[in-house]
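Asker: Only the shape, not the letters, is given here:
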C-alpha cells in the first residue's frame, strides 16, 4: 500500500514539476528573447510540457536523486542535500527543454530573418538563463510540492 502511495506521489510530482518548469521556462525564454508573443509562448509551453512530462515518466527523478544521495551519504532534508537534488533534477530537465524551445524559436526566426542567425549563441544564452532559473524553481518548489502530495496521500515525512 505504501509503495503504491509513493508511486502516486512520484507520478504527481512528475506532472506538477513538468507543468511548472514548462510554464516558467517558456515564459522566461520568450520574454528574454525580446520577441514575446502569446502564440509563441503558448506553443513553447505546450511542447515543453509534453517533453518534460515524458521525461518525468521515463526518468525516475526521485529514485535517481535518492540513489545518488545515498551514494554520496547525504542526509534527507538538509540544505546541502536539497541543493544537490535540485541540481540533479535541473541537469535532467533543463538542457533538453531549452534545446527544444530554442529549436522552435530558431525555426521561426530563420523563416522571418533577412539574414542567417547563428543557433549556438542563441542556445547557449538561453541555456544559461534557463539553467539558473530552473535551479531556483526546482529548489524552491520541489519540497513544497512533495510535501503537498505526501500530505494528500496521508504519508508523513
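Answerer: Received the coordinates, thanks. Being a predicted model, the structure only gives us computed values, none of them experimental.
Asker: Secondary structure class of the residue lying farthest from the centre of the chain, three-state.
Answerer: The outermost residue of the chain, judged against the average C-alpha position, is residue 114 (33.3 Å), by C-alpha atoms, centre = their mean. State at residue 114, reduced to three classes by DSSP: H, G, I helix; E, B strand; the rest coil: coil.
Asker: Just the buried residues of stretch 98-118, please?
Answerer: Of the residues in stretch 98-118, 98, 100, 101, 102, 104, 105, 106, 108, 109 count as buried by neighbour count, 16 or more other C-beta atoms under 10 Å. Where you see a C-beta, it was placed from the backbone N, CA and C, and this is true even at glycine.
Asker: Kindly report the same for stretch 75-83.
Answerer: When neighbours are counted by 16+ other C-beta under 10 Å, the buried residues of stretch 75-83 are found to be residue 82.
Asker: hmm, who's touching it?
Answerer: By C-beta atoms under 8 Å, 6 or more residues apart in numbering, the residues outside stretch 75-83 that reach it are 69, 74, 139, 142, 143, 157.
Asker: By neighbours, which of these wins?
Answerer: residue 142 (21 neighbours; other C-beta atoms under 10 Å).
Asker: so which helix or strand takes in that residue?
Answerer: Following DSSP states H and E, the helix or strand that holds residue 142 is helix 119-153.
Asker: the helices in the protein, which residues?
Answerer: Assigned helices in the chain, in chain order: 2-32, 38-58, 61-71, 79-112, 119-153 (criterion: DSSP state H).
Asker: can you redo those as a markdown table with mean pLDDT?
Answerer: Shown next, in a markdown table, are the helices of the chain (pLDDT from 0 to 100):
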| stretch | mean pLDDT |
| --- | --- |
| helix 2-32 | 89 |
| helix 38-58 | 88 |
| helix 61-71 | 88 |
| helix 79-112 | 89 |
| helix 119-153 | 94 |
